[in-house]
Each structure stands twice: as C-alpha cells, then as structure tokens.
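A.B. asks: Structure, please.
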Amino acid sequence: MFKKKRRWHCLSGQEPTDLDKKVMYWENKGKLVPTRDLIKTPEQIEGIRQSGIINTGVLDEVGKRIHAGMNTLEIDKICYDYCMEHGATPACLNYEGFPKSVCTSINEVVCHGIPKEEDVLEEGDIVNVDFTTIYNGYFADASRMFIIGKTTPEKEQLVRVAKECLEIGAEAAKPYCFVGDIGHAIQKHADKYHYGVVRDLCGHGVGLKFHEEPEVLHFGHRGTGMLIVPGMVFTIEPMINMGTYEVFIDADDKYGWEVITGDELPSAQWEHTFLMTEHGVEILTK
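C.D. replies: Numbers count the residues shown, from 1 in each chain. Sure, this is the predicted structure:
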C-alpha cells in the first residue's frame with residue numbers, strides 16, 4: 001500500500017515549532033491541512049496590506065461618485081484610473097478573457113458582471129463592485145454593495161444580511177479552525193431569512209496569486225475543509241440570494257462570465273481579504 005504524501009513539512013534542521021505540532025496533529029487525524037507555502041512571511045503580509053490600502057481607496061472612490069444615471073463603464077474608469085494613479089494594476093483586466101478592470105453586478109447578477117455602456121444604474125438598484133489590486137506583485141481583493149438612491153425594504157434587508165454573513169463568517173474564523181466552520185456560520189445566518197447561499201462560487205486564498213488555496217465555501221459543516229492557521233491570507237465573500245442558491249451563466253454574455261440567480265431574484269455580496277493571526281482575523285482591505 002502506498003503511503004499518503006504529507007502536505008505539511010517541518011523546516012529542515014530545525015526542531016518542530018508549536019505551529020508544526022498543531023498542524024501535524026490534525027494531518028495525522030486525516031484532516032486537510034495547508035502546505036507551508038500558504039503561510040505568508042511578514043514581508044509578504046506587509047506587501048498584501050499595502051495592496052489592500054489601494055484596493056480600499058478604489059472602492060472608497062466608487063462610493064463617493066456612484067449615482068443613478070451613470071453607466072457601469074464609468075465605474076470601470078474610476079477604478080482603473082485610481083488604481084493606476086497609485087502605482088497598482090487591476091487584476092481582473094484580461095484575466096482569463098475578462099475584458100474590464102472591475103466586476104459590476106446589478107440586482108440579479110450574482111457576480112462577474114462586466115461593465116457596459118448600456119448598463120445604466122437606476123434608482124432602487126443594488127450593485128456589487130468587486131475589485132482586485134496588484135501592487136508590487138501582491139494581490140488584495142474586496143467588494144462592496146451600493147444601494148442606488150432609495151430601494152425596497154426587501155433589497156435593503158438582503159444587502160444588510162449579506163454584510164452580516166461576511167461579519168459572522170469572519171467571527172467564526174479562529175486560529176486552527178476549519179473552512180467549514182466559516183461556511184456553517186454563514187449558512188446558519190442566511191437560513192434565518194430563507195435566503196440561498198451560492199454554492200457554485202467561493203472565497204479563496206490570495207496574496208501572491210489572484211487565487212490560491214484554500215477554497216472558502218460559504219456553506220457546510222463544522223470541522224470540514226482545510227485547517228486555517230496563522231499566516232494564511234484568504235477572502236470571505238458570501239453571495240446571498242433572495243431566493244434559490246442556484247445560479248446560471250448569462251447566455252447573452254459573449255465572454256461567459258456573468259453569473260445570474262436561478263430565479264432571477266436579487267443577490268448581494270460583500271468581501272474582504274483577511275489575514276489569520278494568533279488571535280483571529282485581521283482585515284487587510286478595511
């Protein structure tokens with residue numbers, strides 16, 4: 001019988017640290033653990049933090065200028081210009097064929113909405129603006145919901161609960177917890193409102209690449225998924241649908257990116273990049 005290859009390795013010539021011992025304990029119990037390269041160095045964390053500052057500035061600028069009557073191509077220009085003026089580049093631009101710098105997802109568009117001149121924001125719309133920055137080779141990723149003018153109580157509640165899901169997921173993220181602990185907490189809160197938690201898309205590791213391990217599911221059971229340890233950087237980005245959790249790709253999108261709710265009811269999403277520390281998560285895109 002072949003011996004299963006271990007994912008975690010202690011540093012050669014050094015005594016195992018407390019971190020090593022804790023990770024190996026869970027690996028010996030058959031749990032999925034990170035590889036050592038997912039643990040960021042202090043220098044890397046600082047680089048991601050600086051990228052996060054620019055990413056936050058991008059979304060702040062959108063917040064100042066977003067309004068009814070503007071099209072989403074104008075949002076794309078705001079994001080691109082701010083990013084470039086601060087020495088960074090948009091990670092989305094030309095990523096696997098994505099044609100713009102930012103994702104702008106209106107109402108029933110769950111995520112990956114492509115900015116277009118014909119997509120004009122109207123009073124009552126809710127829109128997710130999702131931006132990822134590359135600065136000095138480091139990635140930071142966040143998104144926010146914006147309510148255009150006055151909307152319905154139902155949409156207001158959806159936007160609020162989606163933000164609560166992000167916050168509750170972050171609270172559930174503790175040192176040496178599992179990804180499933182985060183998803184379980186999010187799903188439990190969304191279920192109170194009979195909302196659907198999207199299952200086909202998830203959060204992810206980030207920092208040195210756009211997408212790294214682990215996959216951060218926003219539903220599930222405690223004690224499942226990858227062990228999360230101090231030094232890991234990842235996103236939590238729950239996509240919460242007013243109705244079904246099911247989604248489909250918009251057939252009219254020639255790029256094959258835009259994701260729509262299965263029943264075409266509205267969806268909302270908030271996202272941050274988090275660093276796991278010895279005491280809990282730190283937001284790097286605050």
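A.B. asks: what's the pLDDT at the nearest residue to residue 215 once chain neighbours are set aside?
C.D. replies: Nearest-residue entry for residue 215: residue 202, 5.0 Å, with adjacent residues in sequence omitted and distances by Cβ to Cβ, 6 or more residues apart in numbering. (C-beta placed from N, C-alpha, C; glycine too.) On the pLDDT scale, residue 202 is placed at 98.
A.B. asks: shouldn't residue 202 be in contact with residue 218?
C.D. replies: Yes. Residue 202 lies in contact with residue 218 (Cβ atoms under 8 Å); the separation is 6.4 Å.
A.B. asks: hang on, the earlier thing: can you tell me which residues contact the residue nearest to residue 215?
C.D. replies: 215-218, 237 (Cβ atoms under 8 Å, 6 or more residues apart in numbering).
A.B. asks: from those residues, which would you call buried?
C.D. replies: Among these, those buried by neighbour count (16 or more other Cβ atoms under 10 Å) are 216-218, 237.
A.B. asks: Which ones among those map onto strands?
C.D. replies: Counting by DSSP state E, the members of the buried ones among the contacts of residue 202 that fall within strands are residue 216.
A.B. asks: what is the rounded mean pLDDT of the helix or strand where residue 56 lies?
C.D. replies: When elements are defined using DSSP states H and E, residue 56 is found to belong to helix 42-65. Taken as a whole, helix 42-65 carries a mean pLDDT of 98.
A.B. asks: Buried ones in that helix, by neighbour count?
C.D. replies: Counting neighbours by 16+ other Cβ under 10 Å, the buried set in helix 42-65 is 44-45, 47-59, 61-62.
A.B. asks: What are the neighbouring residues in contact with residue 169?
C.D. replies: When the contact criterion is Cβ under 8 Å, 6+ apart, the partners of residue 169 are 182-183, 185-186, 218, 236, 238.
A.B. asks: A ChimeraX selection for those residues, restricted to the buried ones, would help me check which they are.
C.D. replies: For anyone working in ChimeraX, the buried entries among these, judged by 16+ other Cβ under 10 Å, can be selected with:
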select :182,183,185,186,218,236,238
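A.B. asks: Quick check: which ranges of the stretch 1-150 of the chain have low pLDDT?
C.D. replies: 1-3 (pLDDT under 70).
A.B. asks: who touches stretch 24-35?
C.D. replies: Outside of stretch 24-35, the residues that reach it under the criterion Cβ under 8 Å, 6+ apart are 6-8, 10, 16, 23, 176, 178, 213-214, 225-229, 232.
A.B. asks: first to last residue in that stretch, what's the distance?
C.D. replies: Distances were taken as Cα to Cα, to the nearest Å; on that basis the terminal residues of stretch 24-35 are 11 Å apart.
A.B. asks: List the buried residues of that stretch.
C.D. replies: Neighbour-count burial for stretch 24-35 flags 24, 26-27, 33-34 (criterion: 16+ other Cβ under 10 Å).
A.B. asks: Now do the same contact list for residue 163.
C.D. replies: Taking Cβ under 8 Å, 6+ apart as the criterion, residue 163 is in contact with 145, 268, 270.
A.B. asks: Out of these, grab the one that's most surrounded.
C.D. replies: residue 268 (27 neighbours; other Cβ atoms under 10 Å).
A.B. asks: thinking it is in contact with residue 240, fair?
C.D. replies: Yes. The pair formed by residue 268 and residue 240 meets the contact definition of Cβ under 8 Å, at 5.4 Å.
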